[in-house]
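*Asks:* Pasting the sequence and the predicted coordinates here, then a few questions.
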Amino acid sequence: MTEAIAKKEYYSMGEVCSLTGLQPHVLRYWETRFAVLHPVKNRAGKRVFRAGDIEQVMLVKHLLYDQKYTIEGARQKLSGLRAEGQLKEERQQVMKPEMLATMRADLEALRELLIVPPARK
DNA sequence: CTTCTGACA
DNA sequence: TGTCAGTA
């Protein structure tokens, strides 16, 4: 399902927000608390998100909102997942089955948004 | 028009 | 977290 958001090279802040259902200021705030949520910026200073960055955001969102983790708790949980992932040599999956389950709804919403992008004017 | 940083509620 | 200002 990660392929669902891997159809594009780069995503803007606006796209990531509609894709994740988060407000820009929330995303920016999280950037100050999670080392893994720091997107690269282009020459103009705009954030350039990749599919992988969006996955990280989704993971943090569910840790915080669905599993009601605390910022610090989520930060530690993320560190743990990263450690496990490294032990599994391959960059296997960073997400547990249970997490994927709670993410189903969002992933389906993502699929729709990707097929029929929000009309912008 | 969209996004950004910084400041402040 | 929410909002506003002044930019780029």
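*Replies:* Structure received.
*Asks:* Quick check: residues of chain A near DNA strand B?
*Replies:* A:12-15, A:17, A:24-25, A:28, A:41, A:45-47, A:120-121 (Cβ under 7 Å from any atom of the strand). Heads up, the C-betas are built off the backbone N, CA and C, glycines and all.
*Asks:* Include neighbour count and distance to DNA strand C when you put those residues into a markdown table, please.
*Replies:* Below are the residues of chain A next to DNA strand B laid out as a markdown table (neighbours: other Cβ atoms under 10 Å; distance: Cβ to the nearest atom of the strand, whole Å):
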| residue | neighbour count | distance to DNA strand C |
| --- | --- | --- |
| A:12 | 13 | 12 |
| A:13 | 14 | 11 |
| A:14 | 11 | 12 |
| A:15 | 18 | 16 |
| A:17 | 17 | 11 |
| A:24 | 12 | 7 |
| A:25 | 9 | 3 |
| A:28 | 12 | 8 |
| A:41 | 10 | 12 |
| A:45 | 6 | 7 |
| A:46 | 11 | 8 |
| A:47 | 19 | 13 |
| A:120 | 7 | 16 |
| A:121 | 2 | 17 |
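*Asks:* Chain A against DNA strand C: which residues are in contact?
*Replies:* A:23, A:25-26, A:29-30, A:44-45, A:64.
*Asks:* Farthest pair within these?
*Replies:* A:44 and A:64 (29.6 Å; Cβ to Cβ).
*Asks:* Of the two, give the one with the bigger neighbour count.
*Replies:* residue A:64 (16 against 6; other Cβ atoms under 10 Å).
*Asks:* coming back round to it: of the residues of chain A next to DNA strand C, which is the nearest to residue A:36?
*Replies:* Taking Cβ to Cβ as the measure, residue A:36 sits nearest to residue A:30 out of the residues of chain A next to DNA strand C, at 9.7 Å.
*Asks:* which residues touch that closest one?
*Replies:* Contacts for residue A:30 (Cβ atoms under 8 Å, 6 or more residues apart in numbering) come out as A:37, A:57, A:60.
*Asks:* For residue A:75, what is the enclosing helix or strand?
*Replies:* Using DSSP states H and E, residue A:75 maps to helix A:71-87.
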